[in-house]
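Colleague: Starting from these lines, generate the structure:
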Amino acid sequence: MNLTVKTLISLLLLVGVFSQGYSQVYQRKLPSDQFFQKIVGSWKLKGKPTLEQWIKSSSGVYQARVVSLKTGDSILTETIKIVYDFGEVYFEAKVLNQNEGKPIRFQLVKRRKKRLKFANKTHDFPQYIEYQLIDKDKLKVQISGMAGNKLRKIDFNYERVK
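Modeller: Numbering: from 1, shown residues only. Next up is the predicted model:
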C-alpha cells in the first residue's frame, strides 16, 4: 500500500474512535433520567396561576420554565436545567430578578424511584429542593432550609395539565 492509502485508513480509524467516544459521552443515561422522563409536560400549581413546563431538548437535556399566567400574559419567572458536570447531576435554576441573573446549582444528593433531592448548603434560601412524583398526575416540589435561624419548608403542589 502506498503512504496516502495508509494515511487515509489511519485517519478513518481515528475518526471512528472519536465519534464513538463522543456518542458515549453525550448519550449517557443520567441517574435522574427515569424520573425526569416521567415529569416531561406541563404542570399547574394548585390554586395559583403558575405553570412549570418540562421538556427534553434534542441534545437530551431536561429543562423547565416556570411561567406566571397573571392578567392574560405569560411572564417567565424561572428557568431550570438538569446538568451533568464532572460526574455529578445538578439542578440549575435561574430566577428572574435574583442572583444578578446567574444560575444557582443544587447537587443531586438523594435519589429514589419517585423522589429526587438536590442541595446547595451555601445558598441563602432554599438549601434543598425536592421533587416527588406522587402519581402520574400529581407532583410535589418542596423547597427548604434555614432562613435566618428558622427552618422553613414551602410546598408546591402541581397537577399535570392534560
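Colleague: quick check: domain ranges of the protein?
Modeller: 1-28, 31-160 (automatic domain parsing).
Colleague: Now do the shortest one, average pLDDT.
Modeller: Right, domain 1-28. Domain 1-28 comes out with an average pLDDT of 43.
Colleague: oh, and call the first residue 555 from now on, that's how I've got it
Modeller: Sounds good: first residue 555 from here, last item domain 555-582.
Colleague: Secondary structure element holding the residue nearest to the spatial centre of the chain?
Modeller: Taking CA atoms, centre = their mean, the centroid of the chain lies closest to residue 636, which sits 2.4 Å from it. Residue 636 belongs to strand 629-639 when assigned by DSSP states H and E.
Colleague: Can I get that strand in CSV? Just the C-alpha atoms.
Modeller: This file holds the C-alpha atoms of strand 629-639, laid out as CSV (Å, rounded to 0.1, in the frame of the first residue of the first chain):
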residue,chain,number,x,y,z
ILE,A,629,-44.4,36.0,32.3
LEU,A,630,-41.3,33.8,32.6
THR,A,631,-40.2,33.8,36.2
GLU,A,632,-37.6,30.9,36.3
THR,A,633,-35.7,28.6,34.1
ILE,A,634,-34.4,25.2,35.2
LYS,A,635,-31.9,22.8,33.6
ILE,A,636,-30.6,19.4,34.8
VAL,A,637,-26.9,19.5,34.2
TYR,A,638,-24.4,16.6,34.2
ASP,A,639,-21.0,18.0,35.2
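Colleague: In terms of secondary structure, what does the very next helix or strand once past it contact?
Modeller: Proceeding N to C from strand 629-639, the next assigned helix or strand is strand 642-649, under DSSP H and E. The contact analysis (3 or more CB pairs under 8 Å, 6 or more residues apart in numbering; DSSP states H and E) places strand 642-649 against strand 629-639, strand 658-666, strand 669-673. To be clear about C-beta, it is placed using only N, CA and C from the backbone, and glycine gets the same treatment.
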